[in-house]
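K.L.:
Mind folding the following:
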Amino acid sequence: MFGFLDFMESRGVHYDMISYHYYEVLGQSPRLAWNGRNPRFDLFKKLASYRRHAVFNEVNCGEIYKPDYGNASGGAATGRCIQNLNSMLTAIRDQRDVTIDSVSIYEIVDEPGKKPPENRFGLMYDLNRPKVALYLVSRFAGGKLSPAEAAELKKRGF
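P.N.:
This is a model prediction of the structure:
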């Protein structure tokens, strides 16, 4: 993953910004132990070591790839996903190592015509039915939530 950036730098290739996809599975955080291979790895410190700004161009929970992810508001795996997304966004917001210019959640609307897991990445089931994850992302972005939306987050401990 980061070997490519190291290779480019060793060859004198210049670049302005790092674009990063960020997926985690709750309890298996790459920001602390990247794929479990290096217990001292810290994602944000590693990104900062390149002395460039970063954009997180695709962020979502890793649970979305699991076969038990039911893509339903009350499902256990969906709950872990929302909890994890909260943890990831909190870590991005609170870290002080690298300048992050933007964070994009993948993606706005589910694509039911695709096969799992590609059919369920959306923050909304369709344009008329938001998921709780949309309320969470809206809160992080400083958006105003309706009382019902805020209640959905509160009942999940956010």
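K.L.:
what is the mean pLDDT for the biggest helix by length in the chain?
P.N.:
Using DSSP state H to define each element, the chain has its longest helix at helix 76-94. The pLDDT scores in helix 76-94 average 92.
K.L.:
what comes up buried for that helix?
P.N.:
77-89, 91-92 (16 or more other C-beta atoms under 10 Å). For the C-beta atoms, the positions are set from N, CA and C on the backbone; glycine is no exception.
K.L.:
What helices and strands are in contact with that helix?
P.N.:
strand 17-24, strand 53-61, strand 100-105, helix 132-140 (3 or more C-beta pairs under 8 Å, 6 or more residues apart in numbering; DSSP states H and E).
K.L.:
Export those as a markdown table, with columns for distance to residue 6.
P.N.:
Compiled in a markdown table, the helices and strands packed on helix 76-94 are given as follows (distance: least, C-beta to C-beta, whole Å):
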| stretch | distance to residue 6 |
| --- | --- |
| strand 17-24 | 12 |
| strand 53-61 | 16 |
| strand 100-105 | 20 |
| helix 132-140 | 31 |
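K.L.:
Of the ones you listed, which is nearest residue 155?
P.N.:
Nearest to residue 155 among the helices and strands packed on helix 76-94 is helix 132-140 (9.4 Å), distances taken as C-beta to C-beta.
K.L.:
C-alpha coordinates for the helix or strand following the closest one, PDB please?
P.N.:
Downstream of helix 132-140, the first helix or strand assigned by DSSP states H and E is helix 147-155. Taking C-alpha atoms only, helix 147-155 is exported to PDB below (Å, rounded to 0.1, in the frame of the first residue of the first chain):
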ATOM      1  CA  PRO A 147     -35.500  15.500  16.300                       C
ATOM      2  CA  ALA A 148     -36.300  12.000  14.900                       C
ATOM      3  CA  GLU A 149     -32.900  11.700  13.300                       C
ATOM      4  CA  ALA A 150     -31.100  12.800  16.500                       C
ATOM      5  CA  ALA A 151     -33.100  10.300  18.500                       C
ATOM      6  CA  GLU A 152     -32.000   7.500  16.200                       C
ATOM      7  CA  LEU A 153     -28.300   8.400  16.900                       C
ATOM      8  CA  LYS A 154     -29.000   8.900  20.700                       C
ATOM      9  CA  LYS A 155     -30.600   5.400  21.000                       C
END
